[in-house]
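Enquirer: Sharing a model prediction with you, sequence too.
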Amino acid sequence: QAKMAGRNTLCFYDPAMQAAVSASAALQSDLRQGLREGQFLLHYQPQVGRDGRMTGVEALLRWQHARRGLVRPAEFIAAAEEGGLILPLGQWALETACQQLAAWAHQPSTAGLSMAINVSVRQFRQPEFVDRVMATLNAAKVSPHKLKLELTESLFADDMDISIRKLARLKDLGVTLSLDDFGMGYSSLSCLKRLPLDQLKIDKSFVHDILRDPNDAAIARTIIALAQSLGLGVLAEGVETEAQRAFLAHHGCECYQGHLFCKPLPIEALQNFMAALPP
Ligand code: C2E
Ligand code: MG
Ligand code: MG
Ligand code: MG
């Protein structure tokens, strides 16, 4: 192999790198097979309002792998992004989430729930992204008002005018726009101000130590204040204790998500969880 690269080419053979490359290739083909064979599923985690009532869910992708068991996104989303498989996978997640919304629309107890879905940069970058979302909503006969898209700050690195036009079209349709993991990326306030968003999501890394680390507490308070002054809603993710919730509520946070309320659940378990809620 090294010989074929030619006389003037230096070629280092690094076994560790070689192993990483083939592991990634194996993961890519595993992912492709998983998608073909229907190994992906969504778990749903409740989002609650100030009064503790459930307002909707966030859909979170899981991979039921034959040998590895249930695989979390941390282990495959990056690879799916890299290999481009995130496009069909993201579309599958969007369709599945919309079908779930359609099923909920038939029952009064679930008809008001919203569905948040994570959108990767690569998905959002597709020129036809907005049309796809619209077509998917139409096909499932779901109102755009039920759908919330969770975007990340990485879209700030793209052409802002193009991003803003897409967001504005989605917003005009009635889709809710939330900025996920806020504070983790490199958004500038001037960019933030230009985006027609509805909500900021405080990343769970700031919530985790909010009662112990004064810097995390300051960041969380600042994000809440920022959301308020920009006229946006704010949701804290990764809320695990009542003390964290109380602190966030005291500083004006409106919506919560985390293990304190409910872990992400498969659909049947979520239905049971909802059936047991007070009316
Ligand atoms: P995210 O969108 O920020 O989702 C929140 C993550 O926090 C989820 O991890 C959730 O299970 C976890 N979480 C929720 N409550 C708590 C809590 O109280 N404590 C702790 N420690 N963690 C909590 P998960 O499900 O492993 O997903 C990780 C990330 O993968 C997501 O972060 C999102 O960025 C990405 N992801 C998940 N599903 C999709 C998808 O369909 N498409 C794309 N593009 N990305 C997805
Ligand atoms: Mg999210
Ligand atoms: Mg998040
Ligand atoms: Mg996060």
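Expert: Yep, that arrived. Ligands and ions are numbered 1, 2, ... in the order given.

Enquirer: mind checking which helix or strand the one residue in the stretch 101-250 of the chain that gets nearest to ligand 4 is in?
Expert: Per CB to the ion, the residue of the stretch 101-250 of the chain with the smallest distance to ligand 4 is residue 181, at 4.2 Å. Placement of C-beta: from N, CA and C, glycine included. For residue 181, the element it lies in under DSSP states H and E is strand 176-182.

Enquirer: Tell me the spacing between the nearest residue to the residue of the stretch 101-250 of the chain closest to ligand 4 once chain neighbours are set aside and residue 266.
Expert: Once flanking residues are discounted, residue 181 sits nearest to residue 203: 4.4 Å by CB to CB, 6 or more residues apart in numbering. Distance of residue 203 to residue 266, computed by CB to CB, to the nearest Å: 25 Å.

Enquirer: So between the two, which is more surrounded?
Expert: More neighbours surround residue 203 than the other of residue 203 and residue 266, with 20 against 14 (other CB atoms under 10 Å).

Enquirer: which residues touch the more buried one?
Expert: 180, 181, 182, 183, 184, 237, 238 (CB atoms under 8 Å, 6 or more residues apart in numbering).

Enquirer: ok, now with 10 Å
Expert: Contact analysis of residue 203 by CB atoms under 10 Å, 6 or more residues apart in numbering lists 180, 181, 182, 183, 184, 185, 219, 220, 223, 236, 237, 238.

Enquirer: Tell me the pLDDT of the fifth one.
Expert: I take that to be residue 184. As summarised for this prediction, residue 184 has a pLDDT of 81.

Enquirer: just the first one next, same as before
Expert: In this prediction, residue 180 carries a pLDDT score of 95.

Enquirer: what about it, how many neighbours?
Expert: Number of residues near residue 180 (other CB under 10 Å) recorded here: 22.

Enquirer: I'd assumed residue 202 was in contact with residue 224.
Expert: Yes - Residue 224 is within contact range of residue 202, at 7.5 Å (criterion: CB atoms under 10 Å).

Enquirer: Between the two, which contacts overlap?
Expert: Taking CB under 10 Å, 6+ apart as the criterion, residue 224 and residue 202 both touch 234, 236, 248, 253.

Enquirer: hmm, back to that, near ligand 3 too, which of the contacts of residue 203?
Expert: Restricting the contacts of residue 203 to those near ligand 3 by CB under 5 Å from the ion leaves 180, 181, 237.

Enquirer: Could you list the contact residues of the stretch 101-250 of the chain toward ligand 4?
Expert: Going by CB under 5 Å from the ion, the residues of the stretch 101-250 of the chain near ligand 4 are 181, 203.

Enquirer: need the helices for the stretch 101-250 of the chain, in chain order.
Expert: Shown for the stretch 101-250 of the chain, the helices assigned by DSSP state H, counting those that start in this stretch span residues 121-125, 129-140, 160-173, 189-194, 204-208, 214-229, 242-250.

Enquirer: Reformat those as TSV; add distance to ligand 1, mean neighbour count and mean pLDDT.
Expert: Converted to TSV, the helices of the stretch 101-250 of the chain look like this (distance: least, CB to the nearest ligand atom, whole Å; neighbours: other CB atoms under 10 Å; pLDDT from 0 to 100):
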stretch	distance to ligand 1	mean neighbour count	mean pLDDT
helix 121-125	7	19	95
helix 129-140	13	17	98
helix 160-173	16	16	96
helix 189-194	18	13	86
helix 204-208	5	20	97
helix 214-229	14	16	96
helix 242-250	9	16	98
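
Enquirer: nearest to ligand 2, of the ones you listed?
Expert: helix 204-208 (9.9 Å).

Enquirer: now check that closest one, is it near ligand 2?
Expert: No - Helix 204-208 does not reach ligand 2 (CB under 5 Å from the ion); its nearest approach is 9.9 Å.

Enquirer: From the shared contacts of residue 224 and residue 202, pick the one nearest ligand 3.
Expert: The nearest member of these to ligand 3, counting by CB to the ion, is residue 236 at 9.9 Å.

Enquirer: Next, count neighbours for that closest one.
Expert: Residue 236 has 28 nearby residues by other CB under 10 Å.

Enquirer: From residue 218, how far off is it?
Expert: Separation of residue 236 from residue 218 (CB to CB): 15 Å.

Enquirer: Touching, residue 242 and residue 259? I think so.
Expert: No - taking contacts as CB under 10 Å, residue 242 lies outside contact range of residue 259: 11.6 Å.
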